[in-house]
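Asker: model the following, please.
(one chain, ligands or ions: 1)
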Amino acid sequence: MDIKELITKSSKEQRQALLNKEVSAVELVNAFYDRIETTDKEIGAYNSLTKDFAMETAKKTDEKIRNNEHLSPLAGIPLALKDNINLKSYPTTASSKILENFISPYDATVTKKLKENLIPIIGKTNLDEFAMGSSNENSAFKIVRNPWNKNKVPGGSSGGSAAAVAASEATVSLGSDTGGSIRLPASYCGLVGLKPTYGRVSRYGLIAFASSLDQIGPITKTVEDAALLLNVISGHDEKDSTSLNQTPEDFTQDLKKDLKGLKIGYIKELCTEGLAPEVENAVKKSIELYKSAGAEIVEISLPLIKYSIAVYYVIATAEASSNLARFDGVKYGYRTKNPENLYDMYVKTRAEGFGDEVKRRIMLGTYALSSGYYDAYYKKAQQLRRLIKQDFDNAFKKADVLLSPTCPHTAFDIGSKIEDPLSMYLTDIATITANLAGIPAMNVPVGLDNANMPIGLQLQADCLQESKLLNAAYKLEEAVQFNQYGKILQQV
Ligand code: GLN
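Answerer: Numbers count the residues shown, from 1 in each chain. Predicted structure coming up:
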């Protein structure tokens, strides 16, 4: 296979080419840098490249191949890392002016694991500032364009991680998901995106947005690649106090399992009202495909979903206002020039360093936590969060996997929602509840709309049921046969 075609494929084909010595890991990494050179000026997926690191890792991989040594499944496979995850000695900016010149002093736990598996990290990807957003238009540096149509948003906040994979500027990537930031961009860019169970993957070294909701997870072209990457990044970590003490699993084990007897529950509240007609059709078609594959279909009601956006925007902003207090011009990154006194230094540093959306969140969160309002907003939101989790517990008594669209519509035009935060917040209606409940959830691409934009289906399972979730996703992927990334290569 020509190397230009090889870069559009999943890790499976690339690994085979490496093992057959048709291509070396160094050549593969170089082919991705050539691709980035020609396309990323237009797409804007990367904030920075980490070429020295990627080359060094590729050389080590080649040496292992030459010596016929054991090679971990994703060794030599180029990965893009969201720029809110630390890679030692390279910049980590969270796409914020306040961290523009910040160099990571240590590796995130996931990064350490990528290194141990000889996975070349080829660059740090653009995001909504501090992962706050749904369209990647909130980056302090530049917007990201959707490789399927450059006038459309790629989704956010992991827009760079998704666009990089869709445009074949990386084979796989890592994003972070606080309310949908892995699944929404995966949906808009026609990719697989998985938010693991809360606590499955260590958050150590991920710049905190809302600590009780944040999880790191894979964005890939295939379900198998998502499972392989989850194998690498998951596991208990004593450096993260919310990390689960789980026994290691191989998430590829059950991928091909028969679906007979599996109960799939479609979520009534998300599958019927307010959907774009083509999204509604895609949902119906997916349900039919599952029926033909032997799964049993049941209807599930999650009546409290209507409160989820309100609950999320109280809890997430409250946690963000607390987490972002550390950016004060003293400990990290940017500091205002010529302050008059200490107080003036704090105020000006934060006023100049943070963008509008981040300031909006800090103000909302500080308000919700202030005495007098705490009981009315924050406490109520936490109570509702518990009830939402209870709704899911009941749902999982009736179904193994829940089905809905990932978003009621496909990717929208750049600029069309940025002036209207509320309509932007509504794009997260289907994704947010998984974070509130801590359950694993993923996007699987299931087709294109009339404008040739990808449509995504969301699957969710109970806590720690990733194997079941990936099995359902794999079977859907097999039935849909979405794979069309070669097409994008011609377009951009
Ligand atoms: N769009 C949501 C927000 O802006 C979710 C972001 C995320 O998952 N990081 O908060």
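
Asker: for the chain, which residues are neighbours of the ligand?
Answerer: 131-134, 157, 177-181, 209, 316, 428 (CB under 6 Å from any ligand atom). Bear in mind the C-beta positions are built from the backbone N, C-alpha and C, glycine included.

Asker: out of these, name the ones that lie in helices.
Answerer: residue 316 (DSSP state H).

Asker: and which of the residues of the chain next to the ligand is nearest residue 462?
Answerer: Checking the residues of the chain next to the ligand against residue 462 with CB to CB, the nearest one is residue 177 at 17.4 Å.

Asker: give me the number of residues near the residue nearest to that closest one when sequence neighbours are not counted?
Answerer: Nearest residue to residue 177 in three dimensions, chain neighbours excluded: residue 195, at 4.0 Å (CB to CB, 6 or more residues apart in numbering). As a burial measure, residue 195 scores 33 neighbours (other CB atoms under 10 Å).

Asker: next: residue 334.
Answerer: Neighbours of residue 334 using other CB under 10 Å come to 18.

Asker: next one: residue 309
Answerer: Residue 309: 18 neighbours (other CB under 10 Å).

Asker: now do the SS call for it.
Answerer: Using DSSP: H, G, I helix; E, B strand; the rest coil, the three-state assignment for residue 309 comes out as helix.

Asker: show me what contacts the nearest residue to residue 22 once chain neighbours are set aside?
Answerer: Counting by CB to CB, 6+ apart, residue 1 is the residue found nearest to residue 22 once chain neighbours are left out, at 7.4 Å. By CB atoms under 8 Å, 6 or more residues apart in numbering, residue 1 lies in contact with 9, 13, 17, 22.

Asker: re earlier: what sits against the residue nearest to residue 177?
Answerer: Applying CB under 8 Å, 6+ apart to residue 195 gives the contacts 177, 180, 182, 183, 215, 217, 434, 435, 440, 441, 442.

Asker: so who does the residue positioned nearest the centre of the chain touch?
Answerer: Central residue of the chain (CA atoms, centre = their mean): residue 182, 2.1 Å from the mean position. Taking CB under 8 Å, 6+ apart, we find residue 182 in contact with 158, 161, 175, 176, 193, 194, 195, 217, 218, 219, 443.

Asker: how close does residue 55 sit to residue 160?
Answerer: 21 Å (CB to CB, to the nearest Å).

Asker: of those two, who's got more company?
Answerer: residue 160 (36 against 17).

Asker: what pLDDT does the residue nearest to residue 22 get?
Answerer: Per-residue confidence (pLDDT) for residue 1: 84.

Asker: quick one, strands of the stretch 151-300 of the chain?
Answerer: Counting by DSSP state E, counting those that start in this stretch, the stretch 151-300 of the chain has strands at residues 172-177, 192-195, 215-220, 263-267, 296-300.

Asker: same for the first one, what does it pack against?
Answerer: Identification of packing neighbours for strand 172-177 by 3 or more CB pairs under 8 Å, 6 or more residues apart in numbering; DSSP states H and E yields strand 79-82, helix 159-166, strand 192-195, strand 215-220, helix 223-233.

Asker: need those in CSV (columns: distance to residue 73 and mean pLDDT).
Answerer: Output for these, formatted as CSV (distance: least, CB to CB, whole Å; pLDDT from 0 to 100):
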stretch, distance to residue 73, mean pLDDT
strand 79-82, 13, 99
helix 159-166, 18, 98
strand 192-195, 16, 98
strand 215-220, 13, 98
helix 223-233, 5, 98
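
Asker: for residue 342, find the nearest of those.
Answerer: Judged by CB to CB, the one of the helices and strands packed on strand 172-177 that comes nearest to residue 342 is strand 79-82, at 33.5 Å.

Asker: sheet partners, orientation included, of the closest one?
Answerer: Paired strands of strand 79-82, with direction, are strand 121-125 (parallel), strand 172-177 (parallel) (DSSP bridges).

Asker: what does it contact?
Answerer: 45-46, 50, 87, 111, 114, 119-125, 127, 158, 160-161, 164-165, 169-176, 216.

Asker: farthest from the middle of this structure: give me that residue.
Answerer: Largest separation from the mean C-alpha position in the chain: residue 340, at 41.4 Å (CA atoms, centre = their mean).

Asker: look at it and report its pLDDT.
Answerer: So residue 340 comes in at 98 (pLDDT).

Asker: ok, residue 489 next?
Answerer: pLDDT at residue 489 comes out at 71.

Asker: show me what whichever strand or helix holds it is packed up against.
Answerer: For residue 489, the host element (DSSP states H and E) is helix 485-491. With contacts taken as 3+ CB pairs under 8 Å, 6+ apart, helix 485-491 sits against helix 3-6.

Asker: list the buried residues of the helix it packs on.
Answerer: 3, 6 (16 or more other CB atoms under 10 Å).

Asker: what residues does the helix or strand just after that helix touch?
Answerer: Moving toward the C-terminus from helix 3-6, the next helix or strand (DSSP H and E) is helix 11-19. With contacts defined as CB under 8 Å, 6+ apart, helix 11-19 is touched by 1, 6-7, 23-25, 28, 61, 65, 71, 73-77, 171-172, 220, 222, 224-225, 228.

Asker: picking that back up, just name the most buried of the strands of the stretch 151-300 of the chain.
Answerer: Mean neighbour count (mean count of other CB atoms under 10 Å) peaks for strand 192-195 among the strands of the stretch 151-300 of the chain, with a mean of 32.

Asker: list the pairing partners of that one within its sheet, with orientation.
Answerer: Using DSSP bridges, the strands paired with strand 192-195 are strand 215-220 (antiparallel), strand 441-448 (antiparallel).

Asker: cheers, nothing more for now.
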